[in-house]
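Enquirer: just to be clear, the model below is a prediction. Sequence and coordinates:
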Amino acid sequence: FDAIKEIYPFSSEDRLVSLCYQNWMETMLASHGWQKVQKVIVLNWQGNLPIKKKQDKHVAIRLMKEADLPHVFQIDDSCFSSWWKFSQTTITLAFEQSAYATVAEVDGQIVGFQISTADLYRAHLTRLAVLPYVRNQGIGARLVENMLWHFSVPWIKQITVNTQHDNKSSIHLYENNGFEYQGEFFPIYQYSL
């Protein structure tokens, strides 16, 4: 890590953060002074489609367009703490690599979005965000439901989503849409410079 610190101009307030996908990585980081600070859990969708509810007419779900990306970035920036924020480049790459990306509009204004990826047999809800001032109005649920219906094809056998283990509102939203936590998680380590 000394080589990294020489290359990058970190301040004493900066933190390096790593999501550990493998046990060896966790062991290596812990042995070099990194501290476990969080964990991300994986929730699996169990294949029961949500009942299509009577749709709120003032909320419209539509496909995301490239022209939406500045709005999507602003929403992402306002919804996540510094650890979890995506840069404009990351948002653009996520959109370009997505299998399905939608926005939620209220009165013509984008107030939320979801970006999902897929391969031959699996889909993954990569990012979901709803502006704070319109939360708890079912907009996040509409985005998730719409994504689930989109991927309800015979060849998609699994749909997953990740969230922080202590993000109760996020876990509640996903569990209400048929996702279940089955014990899989990834620890997050932090290194103080």
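Expert: Now that the structure is in, tell me what you want to look at. Bear in mind the structure is a predicted one, so any value in this text is a computation, not a measurement. Numbers count the residues shown, from 1 in each chain.

Enquirer: which strand in the protein has the most residues?
Expert: Scanning the chain for the strand with the most residues, using DSSP state E, yields strand 179-192.

Enquirer: and it, what does it pack against?
Expert: strand 15-19, helix 23-31, strand 35-45, strand 158-164 (3 or more CB pairs under 8 Å, 6 or more residues apart in numbering; DSSP states H and E). Every residue, glycine included, has its C-beta placed from N, CA and C.

Enquirer: among those, which comes closest to G108?
Expert: When those are compared by CB to CB, strand 158-164 sits nearest G108, at 28.1 Å.

Enquirer: which residues touch the next helix or strand after the closest one?
Expert: The helix or strand immediately downstream of strand 158-164 is helix 168-176, counting by DSSP states H and E. Applying CB atoms under 8 Å, 6 or more residues apart in numbering, the contact partners of helix 168-176 are 41, 43, 135, 140-141, 144, 161, 163-164, 181.

Enquirer: any weak-confidence spans in this structure?
Expert: For the chain, the stretches with pLDDT under 70 are 1-2, 12, 50-56.

Enquirer: recalculate using a threshold of 80.
Expert: Counting by pLDDT under 80, the chain contains low-confidence ranges at 1-6, 8-15, 46-57, 83, 192-193.

Enquirer: identify the residue nearest the geometric centre of it.
Expert: Taking CA atoms, centre = their mean, the centroid of the chain lies closest to R127, which sits 3.0 Å from it.

Enquirer: beta-bridge partners for it, please?
Expert: R127 forms beta bridges with I115, as assigned by DSSP bridges.

Enquirer: list the residues that contact W45.
Expert: Taking CB under 8 Å, 6+ apart, one finds 148, 158-161, 177-180 in contact with W45.

Enquirer: farthest pair in those?
Expert: The widest separation within these (CB to CB) is 14.8 Å, between Q158 and N177.

Enquirer: the two: which has the busier surroundings?
Expert: N177 (22 against 13; other CB atoms under 10 Å).
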